[in-house]
Structures are given as C-alpha cells and as structure tokens.
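[1] sequence plus predicted model, see below.
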Amino acid sequence: MTIPWLTLAIALPAVGALIVALLPRGQGELAKRVTFGFTLAVLAVVGAMALNFQADGPRFQFTETHVWIERFGVHYAVGVDGIALVLIGLSALLVPLVVLAAWKEQQGTEDEGKGYFALILILEAMMIGVFAATDVFLFYVFFEAMLIPVYFMIGRYGRGEGRRRAAVKFLLYSLLGGLLMLVAVIGVYALSAQAGNGTFLWSELVGSDGLLAGIDPATARWLFLGFFIAFAIKAPMWPVHTWLPTAAQSSRPGTAVLLVGVLDKVGTYGMLRYCLELFPGAATWFVWPVVVLSLVSIVYGAVVAIGQSDMLKLIAYTSVSHFGFITLGIFAMTSQAQSGAALYMVNHGFSTGALFLVVGFLIARNNGSAAIADYGGVQKVAPVLAAMFLIAGLSSLALPGLSPFVSEFLVFVGTYAFNPVPAIIATVGVVLAALYILWMYQRTMTGPVREKLAHISDLSLREKFAVGPLIAVIILFGVYPQPLLDVINPAVEGTMQQVGVSDPAPELGVDQADGQEGAGE
Amino acid sequence: MSPLSLSVLAAPAVITEPPEIDYGLLSPMLVVFAVGVIGVAVEAFAPKDKRRIVQLWLAGLGLLAAFVLTVLQVGAVTGPEAGVAIAFGTVMVDGPALFFQGTILVLALVSLLLIAEHRDGESAFAAQAATVPGSGEEAEHRLAGSQHTEVYPLVMFAVLGMQLFVSAGDFLTMFIALEVMSLPLYLLCGLARTRRLFSQEAALKYFLLGAFSSAFFLFGIAMVYGYAGSVQFGAVHEAIGAGGAGTIENGEPLLLIGIALIAVGLLFKVGAVPFHNWKPDVYQGAPTPITALMASCTLVAAFGALLRVFYVAFGGAVWEWRPMMWVVAILTMVVAAAIAVTQRDVKRLLAYSSVVHAGFILTAVVAASPEGLAGAMFYLAAYGFTTIGAFAVVTLVRAREGGGEAGELAQWAGLGRTSPFLACSLALFLLAFAGIPLTSGFIGKFAVFEAAVAAGATPLVIVGVLSSAVTAFFYVRIIVLMFFADPAESAPKVLKPGALTGTAIIVGVAATLILGVFPGPVLDNLVPQPVPEAVNGTQPAEAGMVPGDMFVR
C-alpha cells in the first residue's frame, strides 16, 4: 500500500487545528506546544514525501483521485509536480518558524492566541491543499476557503486600529477576484461538458487532446481573463495590489510571512498551472499586456517602497516589485525564465519571510512601532538582530551568493532571450532594490542609538531558531540551487510543452517575432 | 366559431362514478391536515395549561409522520414514469414535488422548534392577540400567562398549503393552495409579543399586498384558461405546443397576459424585485420564529410552484417568458444587494438578503433545463436550513430594556467575545450566504450558476457574481462587528439557547457544513439527473422547450 502523502499532509494540520480549537480556555501554553508539534509533524511528512519524489519520474507524483461530487464531475484529486512540491515544502518550512516567532505575541490576549494558532494550522492545511489540487474545482475551493482564516488572522489578531478595514479590504478584493474566477471555472465545466465529458480534472482538460483543446479563441480569452484577474489580485500585481500594503501593515509579522510568503504565491502558481496550461492560445495572446503590467509592477513597487515610512508596508511594496519579476518570468515563455520564476516563488518566500520575521522581532522590542523614524543604531545594541536583518535584506535585493540571485538571474536570462527590452527595463527594479533595502538598513540599524532602544535585548534563542533556518537555506540555495532546479525544471518543461512554446534559437539578435513563432494558435 | 360551439366544446363530462383517490399517496397532506384539525379541537377541549405541550407533540409528530410518509413515496413513484397524477390530476406526485414537500416538512419541523421555544412562561407570541396593545387588559393576560396555542394548528394549515402548492396539477388547485398557505401566515405575522403595533402593521401590509397578488394570479389563470381551454398544467402545455386550443382565435395575447399575471402572483410570493417590498417589513415585524418559517418553507414552496408552472405549464413558451425572467432576475440581484448594504437592522438585512438569494435561484429558473431545476432544488434546501439557523440566533440576542430582540446591528458589536458559540454559528451562516466554499451556500450557488451558464445565460451569471460580491460586503460587516469590534455600550443580553433553539441552530450548522462538504448524496440521488442527450452534446430537446421528463404532467 502506498502512503497517501498529500492527504496526510493536508489532514494532519486540519486535525491539529480542531484539537487546538477544542482545548479548554486558559490552555494557551499547551495550545502553542500542540500547534508547534503538529507543524513539525507536517514538516516531517512533507520532507519524507520530498525525498520520495523522483525528479526524472512522471510529472505528477503521489497522485490520488477520488470522486467527490459526481454530478459536477468534481474529484478529490491531488498530486504534485516539481513546482508544487517546492511550494508545499516552502509552506511546511515557514509555518513552524512562524509559530515559533509568534510564541509570545499573543500573550495577555483573551484566548492567549489559541484561536490564532488554530487558524495558522487550518491555513497550513489549505495552503498545502491548494498547491496539491489537480482538480480545478478542488483548487477553487481551497483558493477561496483560504481567505477566511487569513481574514480572521488579520482582523481579529492583527495589529493597529486599521486592522478591521484592512481585513475587510483584503477579503473583498480577494472575493471579487474569486467570484470572477468562479464564472470562468463554471465556464470550463460547461465547455468540458459540451466536449463530451463534464469534468474538472486538470489532467483531462489540458493538452492538445484535452477537453478544452477545441474551444473558440475568443471564449478562451475571456476564461483566461477570469482566472488571470483572480490570480493578479492574489499575486498582487499592479493595479490591483492596493490591498497588500494595508493588509501587511495590519498583520502580525507571522501572518505577513504566510500572506506574502505563501498565499500570494498561489496567484503566480495559478498563472503558471492554470492560466497557461488551460488556455495556451489565450496565454500567448496576452503575453505583451502581462509583460507590460509586470514591468509597471516592478518599477512602481520599487519606487513606492523607497518612499515608505513603515517597515511592514515597505516590505509589502518590495513584494509587489518582486512579484512583477515572477510574472515577467512566467509570461516570457522561455524555459529559463519560467524556471527562474518558479524558483523565485520559493526564494522570495525565504527572503521575505526572514525579513518579516526579523522586522517583527524588532517591532516587538519597541512597543509595536513599525515606523522607520522610531529606530536608529540598533546594530550597536543588537548585533545579531542587525546581522540577520542585513542578510535577509541583501537576499531581497538579490545579492550574488544568496538564493534570490539565482532566480532573478534566470528570469533575466530567459526574458532577454524572449525580448531584450523588457529585460533591460526590469533591471531598473534591481537598482532600486538596493536603494530601498540599504536605505532602510541605514536608517534603522546604523547611526546613533535611540534612547528608547538603548536597552533592548538581542535575539533570544527562540528567535534565533525561528529565523536561523531561513538564513541557512538562503545561503545554501544561493550557493547550490541545483536540488531545487532539478525538481522544477521537468515541471517547467511540461508546462512549456502544454503551452506549445519552445525556447527561441540561441543565436544573438533573435527577432521577437521568431520568439513567438512556436506559440500554438 | 360561435359561442354555442364553444360551450359545447368545453362542456365537462358529467362524473357519475365516485372519484377514485389514492389516499396512500395523499397521506402526507392528509396527516398534516388532520393534525391541524385535531389541533383546533384541542384548543376547544384541552385544559389551558396542558394545551401547549399537547399541541407541540401533536404538531411535531404530525410533521415527522408526514415526512416519513413522503420519503416512503419516493420508492413508489420512481421508475420509467416521472410520477403519477392523483385525484383527477389535481395533485401530482413526482420527484420534484416529493423533494419540495420533504424539504418543507423538515424545515417546518425545525421552525417548529423555534416557534415552541418558551422561556419563563413567555413565548415569541402575544399573550392575547385580541387585546389592544398597551392596554391594561393586555397586561392582565401577560400576567396570567395566557398563550396563543392556536399558533400550532395555524402552522399546520400553512404547511398543508405549502405541500399542496408544490404538487398542484392545475392552476385552480394551486390557487387554493396559495390561499391555504397564505391566510394562516398573515395571521401569524401579527402575533408578535413585543412591538405589537409593528407586528400588526406588518400583518396588514402582507395581507393587503398578498391579496393583490392573489388577484393578479387568479386573473392570469382566467387568461390562460381562455387560451388553453383548461387549467390543467399538462393541457396548457399541449395547447401551447399546438399554438392554442382553438377556443378563441388568435389567443396568443391571452397567453402572454396570462403568463405575465401569473408570474406576478408567484414572484410576489418569492419576493423578487419589483414585488419584494413586503419582505423587509414583514420579516421585521413578524415574530422571528414565523419569519424563519416564511424565509425557509414559504420560499421553498413559492419556488416549487414557480418551477412547476414555468417548466410544465409554460414549458413550451420558454422564449416568451425567458426575457421577462432575465429582467426580473437582474433587477432582483442588483437592487436588493444595493439596498441591503444600507440596512441597519438584522432582520431587514436578512430579508433583503433573502431577496438577493431569490434572484440567484431565478438564474436557475431562466436556464429552463434539468440542471436548472436541480440547482434550484439544492439551493432552496441548503438556503432553508441556513436561514432558519440565522433567525434562530436572532431570537436569542435580546435588548437590555424590555426583552425584545436587539435588531439594531450596532448592538451586536463584540458578540464574538461574549458568546462565541452563537457568533461562530452566525458567522458560518453568513459565510454560507456569501457562498464561501465548504459551505452549502457555495455548492448551491455553483449549481444554479452552472445551470445558467450551460443554458447560455453567462451575462446573468456575471451580474450574479458581482452582486454576490456586494452581498459579501454586508455579511462580512456583521462578522467584523461581532468579532473585531469591542462590545457596544448598549450590549444586548444574550440568552442561553434552550434545548429547542439550540437544536435548531445545531441542525442549521450541521446542514450547512454537511451539504457543503458532502453534497453528493443529495445532488446525485434526490434531484433529477440531467437528461443523457444533453451530455452527448446534441441539442437538449427542442429549442425553447423545457425537457419534459422532470415533472409529471
């Protein structure tokens, strides 16, 4: 009997959430321990699964398919390819660290954070589910249901007065996108029913002999848009990014890590898996509009980040810029760019996660103020904290030797092969990244020590354990990214095949029209 | 054609034999009717202090027995035939009728729990409805602990009307059912214990507007009779197929006027815009348990009848009524969602939300397909349980002063801190209304929208999802108030749910979750399967015709 790895990884945190939620009042300490235990167990399960993954095996592994709602052809179908696997790994790694980081955050609140930890666990179940789903309906269910725990994590357990508004804004934005996607999901089903077999199974829908192969290009473009808008809101892409800065500002740092580090990846992951492969014709048709939007996001996010006075908002805007790189890589339609984009999703999770956590530790030492103006000279009183901050920051600006560099480089190479102009424009984002990160470091960590900050402690052991593993993987995969690329590359090749594009000929001066020649219309 | 020949043609066959009636198939209705009649006798003969308990058991067991009998019939009517017509074709026993009847009975049973809820000798109903509000006489009755146990037989009669409404085989039976259903409800609406004038006003409004709509309905029947020469749904269907019965030449306008007028009558009961104005007032004024009964059972019954009329009788005239339904559905979704945003009272808000949901279900009616029927059926069942649960929560949140319900939304702030169980249940119901996955509301929405898209009504669905987003806004606002806000100064007093109300809420929660996560058994077995032809990619039946094998004609 084979072990149902994915179901196990989804069910385990869900069960944990139930247990934590049912613990009697006043058991905050126990709730934390149980939560941490469950997240470690999930990490172990995911780790064991990853070791069993064969990079040269079939594209989807650990597949399980059961009929869920027969009438609508809905299946509980899960399975992972390389990209989904690394993203599940990212989620499983980040959650225990977030729990560790949030250990003391909720002390003194009414339920001592019991509800918060239960929500984290239920969110983890849904995050793994959304990446593992290979049925469009199941994906949609996780995609939408995920909003609810985050909504409560921001609105109920978040920080500051604006958290309610931020939570509602987040929910309504996402819900609107989700509902537009619902129309497209229904449309996909109706088309598959017309083609002879009403189903949501991804494997039966895609491909040149799939159920969606014969659809009319105009319909395909509308359906593409239905999915794309939802993913663009999630990603978040300019101009539908406005919910992210307020949400990040009002979140606990742990929530922000999961929100930006994992949840937003669902958007870019969805583009790669669903927009591109379900509607290859439409995707190639929309290449240029998306590339332009990505470039705007890259530059806009970076410029606005420079002007921020709130650290959490600043990081949120840097993410807008980074997500621009990811979408650029996806829609450049070359294998390097897409591998880079997929790798970027993981690396961005590491680097932004680390950055949010360190900033969270910093904020906790200064009465919860995230304003840059309230800091200065931290380096002198808390050198370890400052060092972690610097490494996380440098990884965010893609310093060579740290993992985001590899992915950013691949995106550049791939995009240049597609067309040099967007690649050149995108470099502006890299330059600006150095500016916003280093300037933030300079203002908060260097200079004279603020009086208020004179007696703050350096990172505790717990905090070191929370952020240390992230720093370690950033360096590890910066030096040796091959293990990740080994599992990602076959999946990207699979995607390219489904879309019907191939890499442009390697000689220099390749015309952009040639680059798009292979686009299967 | 002379008037003489007309009368000859229409001369009814004289019935000499005693009618053969299958009492077995009629038994669910007969049981409910009998319980109602016995209930009246109990009022007359049972001692005052025993009446409530007797009535409660009687009504509860009666509904349960009727439900069991309904379920038993499911086996009896399945087979190659869609169902059977009994009592001279006035009552149809087919899949949809049984489904709607069963749903109505279960929902009525859950509502009955709320109706029977009793606290310190006080129920939700006026001690003595005949006394002038605020008079000394009223106070005396209150002190004496008088109760209106007539409520139970009235509910039974209303349920009987609903059962008949969804299974009527001709327009006149349907009209009678409409009145049997409505008259007790008008009365029940006026019986609230607190804010009695308000409640009486609601009852009067409901009665007047209801009477108008009945008149429209009846006039429409006359028109259709003129066109088709019969009030039987099956005969009307055939007449439309044949281009009129020939009793009157060029009868097309009669049919169109008839369809429109009958639609007015039915859409009024459904509460679709522009016939929705009674809903907020009546829902707010009526005793909340009765509101729960109306919001669930009456809506199911009204849609059951609407579907039967438009799919069976007017099933051949889809092209004629579809544009009208488009307009009504769009108006209903957009207008009600927009108005709901401004509401400050929980019950009014739920009333407008019920109007929006009626709009969603109308998108399935527009589909005019088996999928549409199935979607509407599932949606109604799912929505019924959720809405009863929501109103059950409303009954428990009371104002500090006077013991009336705290309707003002602002008073609900911080409920999540003070009563987490109630607040979580209500949050679940609201999320189901908003159509969040893993709740029954999502599957229902998916089912109706899928049917509409398959029938080519994609623009309607886009309007639907956009208004869904608007409705999500005000549902979410309530959740924000309950969980994220600090308790208000005029914080309401929250009653501990009694066994009865508690059961109603738990049933609501369970149904919302189970139908949301495992909708398969209901969707696959209880509601009609799509016709195979439609799956094979061929045109489903003739264009403009509702495929005929879902209802018995």
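    Cool, the structure landed.

[2] tell me what the longest helix along chain B is packed against?
    As assigned by DSSP state H, the longest helix anywhere in chain B is helix B:196-228. Packing contacts for helix B:196-228, counted by 3 or more CB pairs under 8 Å, 6 or more residues apart in numbering or on different chains; DSSP states H and E, involve helix B:171-189, helix B:233-241, helix B:252-270, helix B:278-285. C-betas here are computed from N, CA, C, even on glycine.

[3] tell me which of those helices is the most buried.
    Most buried of the helices and strands packed on helix B:196-228, by mean neighbour count (mean count of other CB atoms under 10 Å in any protein chain shown): helix B:278-285, with a mean of 24.

[4] just how off-centre is the following helix or strand past that one within its chain?
    On the C-terminal side of helix B:278-285, the closest following helix or strand by DSSP states H and E is helix B:288-293. Here helix B:288-293 is found 12 Å from its chain centre; the criterion is CA atoms, centre = their mean, to the nearest Å.

[5] likewise stretch A:358-367?
    From the chain centre to the centre of stretch A:358-367 is a distance of 23 Å (CA atoms, centre = their mean).

[6] which residues touch it?
    Residues from elsewhere that reach stretch A:358-367 (CB atoms under 8 Å, 6 or more residues apart in numbering or on different chains): A:101, A:104-105, A:252-254, A:256, A:311-312, A:315, A:369-370, A:374-375, A:378, A:382, A:385, A:388-389, A:392, A:444, A:452-453, A:456-457, A:459, A:463, A:467.

[7] just stretch B:40-56 next, same as before
    If you take CB under 8 Å, 6+ apart as the criterion, stretch B:40-56 is touched by B:Gly39, B:Leu58, B:Leu112, B:Ala116, B:His118, B:Gln147, B:Thr149, B:Glu150, B:Tyr152, B:Pro153.

[8] which stretches in the stretch 401-550 of chain B count as helices?
    Using DSSP state H, counting those that start in this stretch, the helices of the stretch 401-550 of chain B run over B:415-418, B:420-434, B:440-454, B:458-479, B:499-517, B:520-521, B:532-535.

[9] repeat that for the stretch 51-200 of chain A.
    Using DSSP H, counting those that start in this stretch, the helices found in the stretch 51-200 of chain A span residues A:82-101, A:114-132, A:136-145, A:147-155, A:163-194.

[10] show me what contacts the residue in the stretch 201-350 of chain A positioned nearest to chain B?
    Residue nearest to chain B within the stretch 201-350 of chain A (CB to the nearest CB): A:Trp222, separated by 8.8 Å. Residues in contact with A:Trp222 (CB under 8 Å, 6+ apart) are A:Ala184, A:Gly187.

[11] which strand or helix spans the closest residue to A:Ala386 other than its chain neighbours?
    In this structure, A:Ala386 finds its nearest non-sequential neighbour in A:Gln379, 4.0 Å apart by CB to CB, 6 or more residues apart in numbering or on different chains. If you go by DSSP H and E, A:Gln379 is part of helix A:378-381.

[12] list the buried residues of that helix.
    Buried residues in helix A:378-381, counted by 16 or more other CB atoms under 10 Å in any protein chain shown: A:Val378, A:Gln379, A:Val381.

[13] contacts for stretch B:476-493?
    Here stretch B:476-493 has contacts from A:151-152, A:155-156, A:163-164, A:167-168, A:171-172, B:346, B:349, B:397-400, B:406, B:409-418, B:423, B:426-427, B:430-431, B:434, using CB under 8 Å, 6+ apart.

[14] run the chain-centre distance for stretch A:89-107.
    Using CA atoms, centre = their mean, the offset of stretch A:89-107 from its chain centre is 16 Å.

[15] distance of B:Ala432 from chain A?
    Distance, B:Ala432 to chain A, by CB to the nearest CB, to the nearest Å: 12 Å.

[16] number of residues surrounding that residue?
    Using other CB atoms under 10 Å in any protein chain shown, B:Ala432 is surrounded by 32 other residues.

[17] who touches residue 154 in this structure?
    Looking at chain A here, since you left the chain open. Counting by CB under 8 Å, 6+ apart, A:Ile154 makes contact with A:Arg163, A:Ala166, A:Ala167, A:Phe170, A:Ala247, A:Ser250, A:Ser251, A:Thr255.

[18] that's the wrong chain, I meant chain B
    Counting by CB under 8 Å, 6+ apart, B:Leu154 touches B:Pro184, B:Leu187, B:Leu188.

[19] may I ask which helix or strand of the chain has the lowest mean pLDDT?
    Since you didn't name a chain, this refers to chain A. Lowest mean confidence among the helices and strands of chain A (mean pLDDT, DSSP states H and E): helix A:512-515, at a mean of 44.

[20] quick check: pLDDT value at A:Pro383.
    With respect to pLDDT, A:Pro383 has a value of 85.

[21] contacts only, for it.
    A:Asp458.

[22] now, which of the contacts of stretch B:40-56 lie within helices?
    In this view, those that belong to helices under DSSP H are B:Gly39, B:Leu58, B:Leu112, B:Ala116, B:Tyr152, B:Pro153.

[23] in stretch B:471-491, what counts as buried?
    Residues of stretch B:471-491 classed as buried: B:471-485, B:487-488, B:491 (neighbour count, 16+ other CB under 10 Å).

[24] stretch B:379-389 too?
    B:Tyr379, B:Leu380, B:Ala381, B:Ala382, B:Tyr383, B:Gly384, B:Phe385, B:Thr386, B:Thr387, B:Ile388, B:Gly389.

[25] what does the stretch 201-350 of chain B have sitting close to chain A?
    Residues of the stretch 201-350 of chain B lying close to chain A (CB under 8 Å from any CB of the partner chain): none.

[26] the residue of the stretch 201-350 of chain B found nearest chain A: how many residues sit nearby?
    As assessed by CB to the nearest CB, chain A sits closest to B:Val341 within the stretch 201-350 of chain B, at 12.0 Å. Per other CB under 10 Å, the neighbour tally for B:Val341 reads 13.

[27] over to A:Leu138?
    Number of residues near A:Leu138 (other CB under 10 Å) recorded here: 23.

[28] that older thread, in terms of pLDDT, where does the residue of the stretch 201-350 of chain A closest to chain B sit?
    Per-residue confidence (pLDDT) for A:Trp222: 88.

[29] does A:Trp243 touch A:Tyr173 like I think?
    Yes. A:Trp243 is within contact range of A:Tyr173, at 4.3 Å (criterion: CB atoms under 8 Å).

[30] okay, and the common contacts of those two?
    Counting by CB under 8 Å, 6+ apart, the shared contacts of A:Trp243 and A:Tyr173 are A:Ile233.

[31] any weak-confidence spans in chain A?
    A:1, A:107-112, A:504-521 (pLDDT under 70).

[32] which parts of it sit against chain B?
    A:67-72, A:110, A:140-142, A:144-145, A:147-148, A:151-152, A:155-156, A:163-164, A:167-168, A:171-172, A:175-176, A:179-180, A:182-183, A:186-187, A:189-190, A:193-196, A:198.

[33] mind giving me the packing neighbours of the strand ranked longest in chain A?
    Selection of the longest strand in chain A by residue count, based on DSSP state E, yields strand A:61-69. Counting contacts by 3+ CB pairs under 8 Å, 6+ apart, strand A:61-69 packs against helix A:5-22, strand A:74-80, helix A:136-145, helix B:520-521.

[34] can you redo the ones you listed as a markdown table with distance to A:Lys265?
    Formatted as a markdown table, these follow (distance: least, CB to CB, whole Å):
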| stretch | distance to A:Lys265 |
| --- | --- |
| helix A:5-22 | 17 |
| strand A:74-80 | 14 |
| helix A:136-145 | 12 |
| helix B:520-521 | 31 |
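
[35] with A:Val492 as the reference, name the closest of the ones you listed.
    Nearest to A:Val492, of all the helices and strands packed on strand A:61-69, is strand A:74-80, at 14.2 Å by CB to CB.

[36] so which residues make contact with the closest one?
    By CB under 8 Å, 6+ apart, the surrounding residues in contact with strand A:74-80 are A:6-7, A:10, A:53, A:60-68, A:88, A:129, A:131-135, A:137-138, A:199-203.

[37] many thanks, we can stop here.
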